[in-house]
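J.: Have a look; sequence and predicted model below, questions after that.
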Amino acid sequence: MSLSWQFFVALIASGLAFSLSAIAYRRVQILATRPYAIALVLVGIWCILAAAEVSSSTVEDKVLLLKLRFTILPFVPLLFAEAVHRLVRGTRFLVRERLYLSLIIPISMIVVVWTPRLHTLWIDDIRLVRNTEFLVLAYQVGPMTIVYFTYVAVFAVTALYWLAAHLRHAPHWSRRGEFLMFMSGLLPTAVNGLYMVGWSPTMGFNYTPIVVAFTAWLAIWSLLGSRMGDLAPVARVLLVEHLKECLIVIDSRGLVLDLNRAACRRFDISAKAALDRPVQRILRGWPGVIELLDQRVAENVEVAASTGSTWECSVIPVPEDAEEPSARILLLRDVTERKTAEKLVQQAKEAAENANRAKGRFLATMSHEVRTPMNGVIGFLDLLKTTELTAEQADYVNLIADSSHSLLCILNDVLDYSKIEAGGMQIEQLPFSLQDVISRVCRLQLPAAKLKGLILEKTLDPAMQDIVVGDSLRLGQILTNLLSNAVKFTPSGRIDLIVKRGEGAMVVFEVADTGIGIQPHQLDRLFKPFGQADSSTTRQFGGSGLGLVISQSLSRMMGGDISVTSTPGVGTRFVCVVNLPSAGDRVTMSR
């Protein structure tokens, strides 16, 4: 049997497609070439299937070839669309969800084609008919085949739309190349569309793969012939030449293969004089760098130059994953100014820390020195109260005593804050009765609460262990501060102290009041040193602004923290959480 001319043309087209694929695949610096090269491989296989279909004469052979054709066909427009998207937009199209959705139809079609029981969804009424030159397969298309052809057409038309839209706004120097790319997709799409509606120069024979192969040179010319592929290496060379870092390429023998302008200026040598010379000659006075060259990889290692400057050195093998690289790239970056700036910043930080420690020592010393005579003043005022005084004198003595106690509280706050800031505050770990501490704190605040007509109540979780391990003095200081603030800022209503179990060994203390509340924008100031919600607070209520700062610092030292929520005019709720593990029953309590 003599073979028709379509057989030979299909074989020639397959060879052309494979050759153009190899050419495109080698130009890896162009993002679009890889998917287009893979598409051309599939086109080459498609051309071989077309030639085999011409030469076959049985229904079984032609059905098998048709199955193979339907298996690879949808990936051609899919890869063409990916190549176009990379070309016109510079990004990948088939990523994550898009890739998964795009593969639904091809995979479904493969399952239908290769599953005999599903053939009616693919083709039906299969028979052989003869055209003017050879036997062809005739069949009735099924619903899945219609979906399949629609899918192919959608991706082909979409890729052409991207090209056409981009062609309208493309710069003049790239329009010719993009027009050729557009034509390389338009002609096969048109031929395939005519075949799907039943028109072909030879009945039953699809010329689309042959047209794709012969028009592929237009796409290759678009990608490579218009010198678009040369832009990437040229841009890369320009970037290397304009680097501020010194770059030297060294081969496996230790000879210089290349170096950039920065390296030439730094080592005072021309590129011509440095090439094919041992790198050690260039790196005289750089013993640290020469030692690093003995290592396979080095990243940002600091080395000192003979001039006293500091440099960061990196050694990169080429290729990176090779056990024995054929070359290495040496990068040197001058970090002298950065190191000098870092040293100045470190010195300034140390000076500030020293000044802060000196301030802390001064505050602690002054607070201690002032507190000692203050205790004497308060003591003598107590003695003076026992003497016979007139009503006016007694009133004056009480005012002096109240002012002295307020001043002593401020001094105590300053002293505690100074200790915490200087790291001199120690937290004890001794067993104590939690109920005793809470009762003592409430008794201290009860007179002030009654004087304002406030209800002060405490509530303890019955499941709480009474004997816990911690610092009872500091816990009492935290609760005293929270309760005294609640009493101070609550003109009427009630104050509740709620104690309950937290996670693990944590104990939660809630202090809720019905006081004046705090504005939302003022909450951040509460836990800052010498900060209060309102500048008028000091004039109206007094205080140093250190109480909550100290309480929060103490709670954190005890493994917890303090938080606050507040509604102006309704009240405020402080929540203090501290770590107080149970001590058991057989312990000696700390009081």
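T.: That came in fine, so what should we check first?
J.: Excluding chain neighbours, what is closest to M183?
T.: Excluding its sequence neighbours, the residue lying closest to M183 (C-beta to C-beta, 6 or more residues apart in numbering) is L218, at 5.6 Å. The C-beta positions use only the backbone N, C-alpha and C, and glycine is treated the same way.
J.: thinking the one you found is in contact with S184, fair?
T.: Yes: with contact defined as C-beta atoms under 8 Å, L218 and S184 form a contacting pair (4.0 Å).
J.: could you list every residue that touches the residue nearest to M183?
T.: Contacts of L218 were listed using C-beta atoms under 8 Å, 6 or more residues apart in numbering, and they are L180, M181, M183, S184.
J.: Out of these, grab the one that's most surrounded.
T.: For those, the largest number of neighbours (other C-beta atoms under 10 Å) sits with M181, at 29 neighbours.
J.: Remind me which helix or strand that residue belongs to.
T.: Here M181 is covered by helix 172-196, with elements defined by DSSP states H and E.
J.: cool, V468 as well?
T.: When secondary structure is defined by DSSP H and E, V468 falls within strand 467-470.
J.: tell me the mean pLDDT for stretch 105-119?
T.: In this model, stretch 105-119 carries a mean pLDDT of 90.
J.: Buried residues, that stretch. List them.
T.: Residues of stretch 105-119 classed as buried: I105, P106, S108, M109, V112, V113, H119 (neighbour count, 16 or more other C-beta atoms under 10 Å).
J.: which SS class is the residue nearest to M183?
T.: Reduced to three states with DSSP: H, G, I helix; E, B strand; the rest coil, the structure at L218 is helix.
J.: where along the stretch 201-350 of the chain do the helices fall?
T.: In chain order, the stretch 201-350 of the chain shows helices spanning 208-220, 231-241, 261-267, 271-274, 279-282, 287-292, 336-385, with DSSP state H, counting those that start in this stretch as the criterion.
J.: hang on, the earlier thing: take the contacts of L218 and lay them out in TSV including distance to G44 and pLDDT.
T.: Supplementary listing: the contacts of L218 in TSV, determined by distance: C-beta to C-beta, whole Å; pLDDT from 0 to 100:
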residue	distance to G44	pLDDT
L180	20	82
M181	19	81
M183	20	89
S184	15	87
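J.: so A153 makes contact with Y195?
T.: No: in terms of C-beta under 8 Å, A153 does not count as a neighbour of Y195; the distance is 11.6 Å.
J.: re the thing from before, quick one: which of the contacts of L218 is nearest A327?
T.: For the contacts of L218, the minimum distance to A327 (C-beta to C-beta) is 35.7 Å, reached by M181.
J.: That closest one and S14: what is the separation?
T.: In this structure, M181 and S14 are 22 Å apart, going by C-beta to C-beta, to the nearest Å.
J.: cool, I316 as well?
T.: Here I316 is placed at a distance of 42 Å from S14 (C-beta to C-beta).
J.: Which one's more surrounded, those two?
T.: Neighbours per residue, other C-beta under 10 Å: of I316 and S14, the larger number sits with S14, 22 against 18.
J.: Going toward the C-terminus from the helix or strand containing L49, what's the next helix or strand?
T.: With the criterion set as DSSP H and E, the secondary-structure element containing L49 is helix 33-55. Reading on from helix 33-55 to the C-terminus, the next helix or strand found by DSSP H and E is helix 59-72.
J.: Not counting the helix or strand following that next one itself, show me its contacts.
T.: Once helix 59-72 ends, the next helix or strand along the chain (criterion: DSSP H and E) is helix 75-89. Judged by C-beta under 8 Å, 6+ apart, the contacts made with helix 75-89 from elsewhere in the structure are 31-33, 35-36, 38-39, 42-43, 46, 91-94, 102, 106, 152-153, 155-156, 158-159, 162-163, 165-166, 178, 181, 185, 189, 212, 223.
J.: how far does stretch 297-304 sit from the chain's center?
T.: The gap between the average C-alpha position of stretch 297-304 and the chain average comes to 27 Å, counting by C-alpha atoms, centre = their mean, to the nearest Å.
J.: List the buried residues in it.
T.: A298, V303.
J.: cool, and stretch 24-42?
T.: 24, 27, 30-42.
J.: Now do the end-to-end distance for that stretch.
T.: Terminal residues of stretch 24-42 lie 14 Å apart, using C-alpha to C-alpha, to the nearest Å.
J.: for the record, mean pLDDT for it?
T.: 80.
J.: now do stretch 355-362
T.: Across stretch 355-362, the average pLDDT comes to 73.
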